[in-house]
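Trainee: I'll drop the sequence and a predicted model, then ask my questions.
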Amino acid sequence: MVDKLRSPIAGLRVATLTMFAVVSFACGASSAPEIPMGSNGESDSELATGRNIWIQNCSSCHGSSGQGGRGKKLNEGEILKLYPEIDGLINVITVGKGQSMPAFVSQLSPVEIEAVSRYIREILN
């Protein structure tokens, strides 16, 4: 019995399970910020749409909370420094910026781009 526990396969299983647990915890702990409830007890549907778009299209580069990564940091007031007006942010999301920021004009509708822009400015900021 002891030999089975010390086998390379058993060690690999333990390592795999440990890695799975760490990754699962890390993914759950770093999810995109939630939309606060309004005075009517419901969340803003446009911001909720923006959050979903953020998770699907933006967080892999900019981090789940906008903390940066491959893409620029956008939280903690950085987005307002980069784009003081929402139109500048909408433009960058629409047409992209150089090699680092892709254009989303073919993936997202204007309504979706406005929703994710609001989410970035109002929730991540």
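Mentor: Everything's here; your move. In this text the structure is predicted, and so the values were computed from the model without any measurement.
Trainee: how about residue 67, what does it touch?
Mentor: Applying C-beta atoms under 8 Å, 6 or more residues apart in numbering to residue 67 gives the contacts 73, 75. All C-beta spots, glycine's among them, are computed from the backbone N, C-alpha and C.
Trainee: name the SS class of it, please.
Mentor: At residue 67 the chain is in coil, as set by DSSP: H, G, I helix; E, B strand; the rest coil.
Trainee: ok, then the element right after the lowest-mean-pLDDT helix or strand in the chain?
Mentor: The helix or strand of the chain with the lowest confidence, counting by mean pLDDT, DSSP states H and E, is helix 8-29 at a mean of 46. The first helix or strand that comes after helix 8-29 along the chain, using DSSP states H and E, is helix 45-53.
Trainee: return that next one as PDB; C-alpha atoms alone will do.
Mentor: Written as PDB, here are the backbone C-alpha positions of helix 45-53 (Å, rounded to 0.1, in the frame of the first residue of the first chain):
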ATOM      1  CA  SER A  45     -29.000  46.200 -17.400                       C
ATOM      2  CA  GLU A  46     -26.600  48.200 -19.700                       C
ATOM      3  CA  LEU A  47     -23.800  47.900 -17.100                       C
ATOM      4  CA  ALA A  48     -24.600  44.100 -16.700                       C
ATOM      5  CA  THR A  49     -24.200  43.800 -20.500                       C
ATOM      6  CA  GLY A  50     -21.000  45.700 -20.300                       C
ATOM      7  CA  ARG A  51     -19.700  43.400 -17.600                       C
ATOM      8  CA  ASN A  52     -20.400  40.300 -19.700                       C
ATOM      9  CA  ILE A  53     -18.700  41.900 -22.700                       C
END
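Trainee: right, and the helix or strand after that helix?
Mentor: Trace forward from helix 45-53 with DSSP H and E and the next one is helix 59-62.
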